[in-house]
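[1] Structure for this input, please:
(chains A and B)
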Amino acid sequence: MSQIRNFCIIAHIDHGKSTLADRFIQKAGLVDERNFRNQILDSMDIERERGITIKSQAVTLPYRNSRGEDFELNLIDTPGHVDFSYEVSRALASCEGALLLVDATQGVEAQTLANLYAAMEHDLTVIPVINKIDLASADVERTREQIEIDLGLDSSSALLCSAKEGTGVTDVMDAITERIPAPSGSQEGSLQALIFDAHYDNFRGTIVTCRIFTGRVKAGDIIQLMSNGATYRVEEVGVFRLKREARASLSAGEVGYIIAGIKTVRDTRIGDTVTLANTPAASPLPGFREVKPVVFSSIYPVSSDDYRSLADAMEKYQLNDAALTFQKDSSAALGLGFRCGFLGLLHLEIFQERLEREFDQSIIMTVPTVMYRIVLNNGETVNVDNPLYYPDPVNIKESLEPYIRTRILIPERYMGAVMELCLSRRGVNSRFSYPSPGRIEIQFEMPLSEVIYDFYDRLKSITQGYGSFDYDMLDYRASELVKLDILVNGERVDALSQIVHKDRARERALHVCEKLKDEIPRHLFKIPIQGALGGNIIARSTISPFRKDVTAKCYGGDITRKRKLLEKQKKGKKKMKIIGSVSIPQSAFVAIFKADEKEK
Amino acid sequence: MQSGLYVHIPFCRSKCPYCAFYSIASQSLIPRWVEALKSECRLVSGSLKDRFQSFNTIHFGGGTPSILDPGILERIMKCLLAHFSFSGLCEVAMEANPLDLTAERVSAIRSLGFTRVVVGAQSFSEKSLAFLGRKHSGRDVRNAMEVLRREGFQNTGIDLIYGIQGQTIEEWTADLEKAVAFSPAHISCYCLSLEDGTRFGRMAHKGDLATLSSEKEREFFLAASDFLGRRGYIHYEVSNFARGRQFESRHNLKYWRREPYLGLGPSAHSFDGTARWWNIRSIKGYCEALEKGSLPVDDREDLTAEQTALEKVAMGLRIREGFSLDEETRHWIRTDRIEAMEKEGLIVREGMNVAPTMNGFLVADRLPLELVV
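    Prediction:
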């Protein structure tokens, strides 16, 4: 156990985490140069494309340090996005140390700060690493200063490296063996293993990734999940070396996997404790909680005939995404579908992209919303996460909406713009701190609903990419909510309804009317689009009809050409949702929750 | 049902930059092509006898049929009469370039049995003619129309093109005025379209050329309909006007009514009521096939019931008489839409017949999509 080191890498997006991990994997000789491809740990296409990590992963790296001592380094790769902060916290709990990777050309960012705080909460030994020192724009001294002042770390302990070039990587690996403490914990006690990830394998079922804190687990053991008491027989345990490598047992201090005939990922819970059924631990490891979705949206198949196929895809998808919640939903406009809950907007986007790419589903998604709390006149409180079920306003006594505390870190010069943005998003109780000269941290209390569509995009654009953002859930506060309905050609389209704050209703309504005007193609008739609160029209736009659409001639009896064109157009039209007599393309539903180009 | 016989003459003096029909600007292959065409008549008449009973229209299209010497036209005509059976022949038409229509040539054409000559005037404005790459002038058209009248042709047609970039409504009405002055039996008004595979199409692709706005096109379209309507022309198809029902193009109506027709020559299309097929779109390929004794068919398709209904609706909505909502068609159509469209003033329904209005003509490419989806 003294030769084991468990660590993670804390970094802002694009600061080089995956590249550094790739170098470690090469140094450990797990993969030869020829088969090497970049960003080995980010195995999903989306992860590579977006440069983000969605799921936690672990890899066990054999390493002989400069003193000739052999170690097993367990690198635990954590997601870097605020949507997945609970997963991050469980991965951190499985480590004794963390590398804090800072891009020498960018400096410390809000997410780095947030993740560092999290690491400190878990008493991890933090090793600051300054990356990208090979670049001309690298400012090592300034970065050191930020590490010292913003982060309160001893900058003289910071290591310099270029993960891309490979310089300094050995120093970093040596520091892991020298500075990060070995795990402690008895191999003799009752088993306590912390689940920090689970993924689904078509052949083996759920593969649980965990850190063993006490005791030992081996094939044949009957394990028990402490949150729900479910028991399973262990088929195999082992460690990850890019591929799984079976071992006789896993014992205290180690990180590895357990395969135990667990059918779906949903049967496991991140943060749960695994123990042995016969000799259970007295108590679970601390910190377990149920993850609750905070953003909700409905999905419908573009063609109602595809509902079954979508339902199948959802079942399969869920095998590998325990955070996704869903239930049946039905809309007058879009037919049968599902109401889904997500950890955040990124989670939602990833879901949508994967469903379309990997599961070949054409879906329509409704405007994301948060969970509102509505107190009725009869004293009853209902949770509303779907505009379809918004109560009749005459029955509403009070409405509440969830608030968050945002943490925004920016260069000082953007303060005015960012303040304006936050205030326009109903931010209150601002607090400022100046972690280092020229930089400012702004905290606001803000309704969650104001950040779920485009806040981050807007922030990035007004700060030219220098702003970073993170948030914590706060509480529910009284709010004045209204239900905004959208009428297309005089018909209310339930799937376009939104719950909004009364002061934002007109702006949202105008936005939707304009977007729909751009997205819905011309028809044979004029199409009015209206935004309404109850019977009050508060915004409108109009799509003018075709003025002329007829080809001059059919070529010398070549009717085939004409018909094929019609068949193609017909196919395109079939991909649209027909509501009343208006065909609405899938893109229209997406466009209404995207920011305006001109706003950007 | 009586069928139509189409002969594609794929030769022109020069290629017009807007035209997407198959033709070449060289005449050296004419002799070889005539032989191939004769072989095609022989082969087709043998193999397709059962598909086409008898023909009542002949249409020489192109290309520029008037480019052919009367001697060659005669050989072709004799060949057709020898291999196909005709009954109640009511229209023998030829498309012509005004420059070809000398008194001598027109007299020969008339004695070969042609009953209808359509003159590709396109415009009377020098500016427009130059833009369209036409080699003739307005005066040439006048001469041609004079000759046709003198030689006794009652059934004459003039083709016009509108919607040229920069064209004004006044210029367009001036073209219509000049055309009407010859009292042709038939006038076609084609809106310029920038087709793939043409020079204009390539220019449009590069952004060097654009059509008029749909608003302007609509204005020109309605101006033509109104202008010609007042002068006694029936707007019987989207782009076609006739000075009385008897002067409607009997051959072209077969395309829109989905009556059978047989196409001969490179790129010609045929339809026997259930299947469509078309010839190779190359003179060389066409000749080579026939020289080896095989039919020069490029491809064919058998129509499904759904495709038949779609065609019926799409074609029927291009003609004033409309189409009949027979049981077959009703099966594939959203009849609720018919009512809605009638309310919108796009179509009129009388019993089982559905016909487009003027507003319907204007969006005739959209209507079938609304009806069949």
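
[2] Please make it C-alpha for all contacts and neighbour counts, starting now.
    Will do.

[3] which regions of chain A sit below the pLDDT cut-off?
    A:32-56, A:80-82, A:436, A:595-600 (pLDDT under 70).

[4] residues making contact with the longest strand along chain B?
    Ranked by residue count under DSSP state E, the longest strand found in chain B is strand B:86-96. Residues from elsewhere that reach strand B:86-96 (C-alpha atoms under 8 Å, 6 or more residues apart in numbering or on different chains): B:54-62, B:64-67, B:113-120, B:250-251.

[5] Now do the contacts for residue A:408.
    A:110, A:441, A:442, A:443, A:467, A:468, A:469, A:470.

[6] So which of the residues you listed belong to helices?
    residue A:110 (DSSP state H).

[7] need the contacts of residue A:408 in TSV with distance to residue A:388 and neighbour count, can you?
    Putting the contacts of residue A:408 into TSV (distance: C-alpha to C-alpha, whole Å; neighbours: other C-alpha atoms under 10 Å in any protein chain shown) gives the following:
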residue	distance to residue A:388	neighbour count
A:110	37	19
A:441	39	24
A:442	36	20
A:443	34	23
A:467	36	23
A:468	34	21
A:469	31	22
A:470	30	22
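
[8] Check the contacts of residue A:408 one by one and keep those near chain B.
    By C-alpha under 8 Å from any C-alpha of the partner chain, no member of the contacts of residue A:408 lies near chain B.

[9] And the contacts of residue A:408, which is closest to chain B?
    Set against chain B, the nearest of those by C-alpha to the nearest C-alpha is residue A:467 (40.8 Å).

[10] Distance check, that closest one against residue A:404.
    Per C-alpha to C-alpha, to the nearest Å, residue A:467 is found 18 Å from residue A:404.

[11] what's the neighbour count on the closest residue to chain A within the stretch 1-150 of chain B?
    The stretch 1-150 of chain B approaches chain A most closely through residue B:21 (7.2 Å), counting by C-alpha to the nearest C-alpha. Residue B:21 is flanked by 20 other residues according to other C-alpha atoms under 10 Å in any protein chain shown.

[12] repeat for the one 5 residues further on
    As a burial measure, residue B:26 scores 13 neighbours (other C-alpha under 10 Å).

[13] my guess is it meets residue B:15, correct?
    No: applying C-alpha atoms under 8 Å as the test, residue B:26 and residue B:15 come out as separate, 9.8 Å apart.

[14] which of the residues in the helix or strand hosting residue A:308 are buried?
    For residue A:308, the host element (DSSP states H and E) is helix A:307-319. Using 16 or more other C-alpha atoms under 10 Å in any protein chain shown as the test for burial, helix A:307-319 gives A:307, A:310, A:311, A:313, A:314, A:317, A:318, A:319.

[15] cool, and stretch B:20-30?
    Of all the residues in stretch B:20-30, those buried under the rule 16+ other C-alpha under 10 Å are B:20, B:21, B:22, B:23, B:24, B:30.

[16] got the contact list for that stretch?
    Taking C-alpha under 8 Å, 6+ apart as the rule, stretch B:20-30 contacts A:555, B:9-15, B:62-63, B:195-198, B:266-267, B:281-283.

[17] residues from chain B in reach of chain A?
    Selection of chain B residues close to chain A by C-alpha under 8 Å from any C-alpha yields B:21, B:61, B:190-193, B:214-215, B:217-218, B:238-239, B:255, B:268-270, B:276, B:307, B:310-311, B:314, B:344, B:361-366, B:368-369, B:373.

[18] Can you mark which positions in the longest strand seen in chain A are buried?
    As assigned by DSSP E, the longest strand anywhere in chain A is strand A:396-411. Buried residues in strand A:396-411, counted by 16+ other C-alpha under 10 Å: A:396, A:398-411.

[19] tell me which of those residues is nearest to chain B?
    residue A:396 (40.5 Å).

[20] The residue lying closest to the closest one once chain neighbours are set aside: how many residues sit nearby?
    Counting by C-alpha to C-alpha, 6 or more residues apart in numbering or on different chains, residue A:396 lies nearest to residue A:376, which is 4.5 Å off, once chain neighbours are set aside. By the measure other C-alpha under 10 Å, the count of residues near residue A:376 is 18.

[21] which residues sit in contact with residue A:376?
    A:382, A:395, A:396, A:397, A:398.

[22] what's the answer for residue A:500, then?
    Each residue near residue A:500 by C-alpha under 8 Å, 6+ apart is listed here: A:481, A:482, A:483, A:484.

[23] For these, which single residue is the most surrounded?
    residue A:484 (26 neighbours).

[24] What strand or helix carries that one?
    Per DSSP H and E: strand A:481-488 holds residue A:484.

[25] Domain-wise, how is chain B divided?
    Taking automatic domain parsing as the domain assignment, the ranges for chain B are B:3-256, B:305-372.

[26] for residue A:579, which residues make a bridge with it?
    Using DSSP bridges, the bridge partners assigned to residue A:579 are residue A:582.

[27] does it really touch residue A:332, like I thought?
    No: counting by C-alpha under 8 Å, residue A:579 does not reach residue A:332; the two are 9.2 Å apart.

[28] These two: which is more packed in?
    A count of neighbours by other C-alpha under 10 Å puts residue A:579 above the other of residue A:579 and residue A:332, at 16 against 12.

[29] and the gap between that one and chain B?
    Separation of residue A:579 from chain B (C-alpha to the nearest C-alpha, to the nearest Å): 13 Å.

[30] From residue A:76, how far out is that residue?
    Residue A:579 is 49 Å from residue A:76, by C-alpha to C-alpha.

[31] Can you show me the strands along the stretch 451-600 of chain A?
    All strands of the stretch 451-600 of chain A, identified by DSSP state E, counting those that start in this stretch, fall at A:468-479, A:481-488, A:491-492, A:498-501, A:527-533, A:536-543, A:577-579, A:582-584.
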